[in-house]
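Student: please find the sequence and the predicted model below.
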Amino acid sequence: MSTKVSDHVLQRLREWGVEQVFGYPGDGINGLLAAWGRADNQPRFIQSRHEEMSAFQAVGYAKFSGRLGVCAATSGPGAIHLLNGLYDAKLDHVPVLAIVGQTHRTAMGGSYQQEVDLHTLYKDVASDFLETVTVPEQLPNVLDRAIRTAYGRRCPTAIIIPGDVQELGYSAPTHEFKMVPSSLDHRSSTAVPSEGSLRRAAEILNAGDKVAILVGQGAAGARTEVERVAEMLGAGVAKALLGKDALSDELPYVTGSIGLLGTRPSYELMRDCDTLLTIGSSFPYSQFLPEFGKARGVQIDIDPHMVGMRYPYEVNLVGDAQATLKRLIPMLDAERGERDWYETVCDNVTRWRGVMEGRARQSADPINPEYVAHVLDRLLPSDAIVSSDSGSTANWYARHLTMRPGMRGSLSGTLATMGCAVPYAIGAKFAHPDRPAIALVGDGAMQMNGMAELITAAKYRDLWEDPRLIIAVWNNHDLNQVTWEMRAMEGAPSFLPSQELPDVQYAAFARSLGLTGIRVEKPEDVEAGWRAGLEADGPAVIEFLTDPAVPPIPPHATWDQMEAAAASILKGDADRGAVIRQGLKAKMQEFLPGREK
């Protein structure tokens, strides 16, 4: 039997080391589905409940493995559904390949069923590489380039294969005129900045008395080097959320996350420093960086397209973080004298940990959402992979979870889309089937798509060596993050028709699928709930009934701002009494005896 184009697509993916493709079937990829049958399901086709979830699973797989995530969908509606996950990959710089079908070439341009102008649709999200395969000889080059580009530029790419092309007999390109042969080999390269720019950067850093370091996901491969630089410079290190697992939170000078979801030590670090070194981050909220022009700055980033945007850096070092730091370290002054700044940073971190413990232990009705994350922190397995959804759960993920060496964590950092945590965790399980994955989800995101993906977890649970996949749901019947943004930013009380959520029995739904389902209604049962989920012999849903009135107070909130928010709440917020009470209790933790005002 002759090899078809669809057969060669799967063969080429196998040759690239692709082990699974996250997708959903449709007649636009019938040729590929038939080829999967002939190929004994290699690479394995992972069926989600919705194409958007397939894309998110590919993103989660890529984020937690460092390898290419691949998703597949039919033409028209399937290709459209992939978009949100692909944009998540684009904005967080993750290598993902989308393979989508298209109506037959004979029908294109005829307003045919499910015909969509996919080039126009995808030209932004897959702007680095997007191509339609119209003849078999195109295929190797198009597919190879899409994969190389996704890896090299850390981005989503897409190839479109019309249904009739999938069924054509495959013929390889030759060396004839207007043919483009291709090859498989892919070796990564390491970019490093020039010697002169490194020396200029070292001069700036050595001259600083109060050095702050900001790391993002681009610093993840340079953990040892970042620690060495911080110790030599006596610096504090803050982390953008995508870089939360780039450095251990157990280090005394690591101040934690930065920004609205960040910590007060990180805010103080940036406010008071005189020198800023940014490594592998394009953290966008410049109001949380040093006052414009107050600090001297050096940036390290592998992408020349992303440097010099957020702060007036004097030196932009374009290169791999680890390779660049290795060349920079010998130029740094290892004999620095005063350590007052370093000690201040460490004292601020210690004080903040006390504040967060105090906030977590405040009473609430029925359960303090901070307490749920606080308890998980000390129970996290050393090899845990944690995904957080967007919403108020991201605050608790950012502030309460201590990342230790070996742990991994991520969320939708730049797109900040809802509904990513559960499919991320499923993707993580295929990347690391021998490790536990934990998804932290609000009830809004769980209703949006998390419940459906429990079916996917149930379907594939037997493929994972470590069967633990824990989905923790903060059930507060409120779209909580937006509710608080309305109060704080718009000066408006909660608008119940948009914010109030239906009451859903998440644990019971999990049990209906044969999964472990645990419902926690009282604070004294929180630890037992977590332990039961972590000891389960398969996927588990732990549903915590939490108080929506507990505020995600930003690290820079002042009493004046608290009063302004309270004034907006008093305009008619349905939960105004509890909100003000919980907000005052949380903020007071910063002003208790022994904590500097």
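Tutor: That came through fine. Given the structure is predicted, the values throughout are model-derived calculations rather than measurements. Residues are numbered from 1 along each chain as shown.
Student: and the lengthiest helix in the chain, C-alpha only, in PDB?
Tutor: Identified as the longest helix of the chain according to DSSP state H is helix 340-360. Extracted in PDB, the C-alpha atoms of helix 340-360 (Å, rounded to 0.1, in the frame of the first residue of the first chain):
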ATOM      1  CA  ASP A 340      23.100  46.200  55.100                       C
ATOM      2  CA  TRP A 341      21.000  46.100  52.000                       C
ATOM      3  CA  TYR A 342      21.100  42.300  51.900                       C
ATOM      4  CA  GLU A 343      20.100  42.000  55.600                       C
ATOM      5  CA  THR A 344      17.200  44.400  55.100                       C
ATOM      6  CA  VAL A 345      15.900  42.400  52.200                       C
ATOM      7  CA  CYS A 346      16.100  39.200  54.200                       C
ATOM      8  CA  ASP A 347      14.400  40.800  57.200                       C
ATOM      9  CA  ASN A 348      11.600  42.000  55.000                       C
ATOM     10  CA  VAL A 349      11.100  38.500  53.600                       C
ATOM     11  CA  THR A 350      11.000  37.000  57.100                       C
ATOM     12  CA  ARG A 351       8.500  39.600  58.300                       C
ATOM     13  CA  TRP A 352       6.300  39.000  55.200                       C
ATOM     14  CA  ARG A 353       6.100  35.300  55.800                       C
ATOM     15  CA  GLY A 354       4.700  36.100  59.300                       C
ATOM     16  CA  VAL A 355       2.200  38.400  57.700                       C
ATOM     17  CA  MET A 356       1.000  35.800  55.300                       C
ATOM     18  CA  GLU A 357       0.700  33.200  58.000                       C
ATOM     19  CA  GLY A 358      -1.300  35.600  60.000                       C
ATOM     20  CA  ARG A 359      -3.600  36.400  57.100                       C
ATOM     21  CA  ALA A 360      -4.100  32.700  56.300                       C
END
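Student: hmm, who's touching the next helix or strand after that helix?
Tutor: The C-terminal neighbour of helix 340-360 among helices and strands, as given by DSSP states H and E, is helix 369-379. With CB atoms under 8 Å, 6 or more residues apart in numbering as the test, helix 369-379 has contacts from 356-357, 359-362, 364, 392-393, 396-397, 399-402, 438, 440, 472, 474, 476, 523, 526-527, 530-531, 534, 544, 546-547, 550. C-betas here are computed from N, CA, C, even on glycine.
Student: narrow these to those in helices?
Tutor: Per DSSP H, the subset of those in helices is 356-357, 359-360, 392-393, 396-397, 399-400, 526-527, 530-531, 534.
Student: quick check on those: which are buried?
Tutor: Among the ones in helices among the contacts of helix 369-379, those classed as buried by 16 or more other CB atoms under 10 Å are 356, 359-360, 392-393, 396-397, 399-400, 526-527, 530, 534.
Student: please name the nearest non-neighbouring residue to the spatially most central residue of the chain.
Tutor: Taking CA atoms, centre = their mean as the criterion, Leu411 is the residue nearest the geometric centre of the chain, at 2.6 Å. Distances taken as CB to CB, 6 or more residues apart in numbering place Ser388 nearest to Leu411, at 4.2 Å, with adjacent residues excluded.
Student: for Leu10, same thing?
Tutor: Nearest to Leu10 is Ala39, by CB to CB, 6+ apart, at 5.0 Å.
Student: so the one you found sits against Val9, correct?
Tutor: No: if you go by CB atoms under 8 Å, Ala39 and Val9 don't touch, sitting 9.9 Å apart.
Student: with neighbour numbers in mind, choose between these two.
Tutor: Remark: of Ala39 and Val9, Val9 carries more neighbours, 27 against 17, as counted by other CB atoms under 10 Å.
Student: pLDDT weak spots in the chain?
Tutor: Low-confidence segments of the chain (pLDDT under 70): 1, 187, 337, 557-597.
Student: straight-line length of stretch 266-279, end to end?
Tutor: Its first and final residues considered, stretch 266-279 spans 15 Å by CA to CA, to the nearest Å.
Student: kindly report the same for stretch 434-452.
Tutor: Terminal-residue distance, stretch 434-452 (CA to CA): 24 Å.
Student: for stretch 296-306, same thing?
Tutor: 19 Å.
Student: quick check: buried residues in it?
Tutor: Residues Arg296, Gly297, Val298, Gln299, Ile300, Asp301, Ile302, Met306 are the ones in stretch 296-306 that count as buried (16+ other CB under 10 Å).
Student: hmm, who's touching the strand or helix carrying the third one?
Tutor: Yep, that's Val298 we're talking about. Element membership for Val298 (DSSP H and E) is strand 296-301. By CB under 8 Å, 6+ apart, the residues outside strand 296-301 that reach it are 201, 204-205, 207-208, 218, 274-282, 290, 307-308, 311-319, 321, 324-325.
Student: that one pairs with which strands, and in what direction?
Tutor: strand 275-279 (parallel), strand 315-318 (parallel) (DSSP bridges).
Student: and for Arg339, the neighbour number?
Tutor: Neighbours around Arg339, by other CB under 10 Å: 10.
Student: just Ala488 next, same as before
Tutor: Neighbour number of Ala488 under other CB under 10 Å is 21.
Student: and the helix or strand encompassing it, what does it pack onto?
Tutor: Assignment of secondary structure by DSSP H and E places Ala488 within helix 480-489. If you count contacts as 3 or more CB pairs under 8 Å, 6 or more residues apart in numbering; DSSP states H and E, helix 480-489 packs onto helix 392-400, helix 496-499, helix 559-569.
Student: orientation of that helix relative to helix 392-400 in degrees?
Tutor: 80 degrees (axes from the mean of the first three to the mean of the last three CA atoms, to 10 degrees).
Student: now the angle from helix 480-489 to helix 369-379?
Tutor: Interaxial angle, helix 480-489 versus helix 369-379 (the same axes, to 10 degrees): 130 degrees.
Student: mind listing what's buried in helix 480-489?
Tutor: Asn480, Gln481, Val482, Thr483, Trp484, Met486, Arg487, Ala488.
Student: re the thing from before, the longest helix of the chain to helix 369-379, inter-axis angle?
Tutor: 120 degrees.
Student: dump the buried residues of stretch 296-306 to JSON lines, plus distance to Ala428.
Tutor: Formatted as JSON lines, the buried residues of stretch 296-306 follow (distance: CB to CB, whole Å):
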{"residue": "Arg296", "distance to Ala428": "39"}
{"residue": "Gly297", "distance to Ala428": "35"}
{"residue": "Val298", "distance to Ala428": "33"}
{"residue": "Gln299", "distance to Ala428": "30"}
{"residue": "Ile300", "distance to Ala428": "28"}
{"residue": "Asp301", "distance to Ala428": "26"}
{"residue": "Ile302", "distance to Ala428": "24"}
{"residue": "Met306", "distance to Ala428": "26"}
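Student: show me the two of those that sit farthest apart.
Tutor: With CB to CB as the measure, no two of these lie farther apart than Arg296 and Ile302, at 22.2 Å.
Student: which residues in the stretch 451-597 of the chain form strands?
Tutor: 469-475, 516-520, 540-545 (DSSP state E, counting those that start in this stretch).
Student: any chance of a markdown table for the ones you listed, columns distance to Met53?
Tutor: Shown next, in a markdown table, are the strands of the stretch 451-597 of the chain (distance: least, CB to CB, whole Å):
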| stretch | distance to Met53 |
| --- | --- |
| strand 469-475 | 14 |
| strand 516-520 | 21 |
| strand 540-545 | 17 |
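Student: what's around His93, how many residues?
Tutor: 21.
Student: for Arg153, see how far away it is.
Tutor: As for His93, its distance to Arg153 is 8 Å (criterion: CB to CB, to the nearest Å).
Student: in the stretch 201-350 of the chain, which spans are strands?
Tutor: 211-215, 236-239, 254-257, 275-279, 296-301, 315-318.
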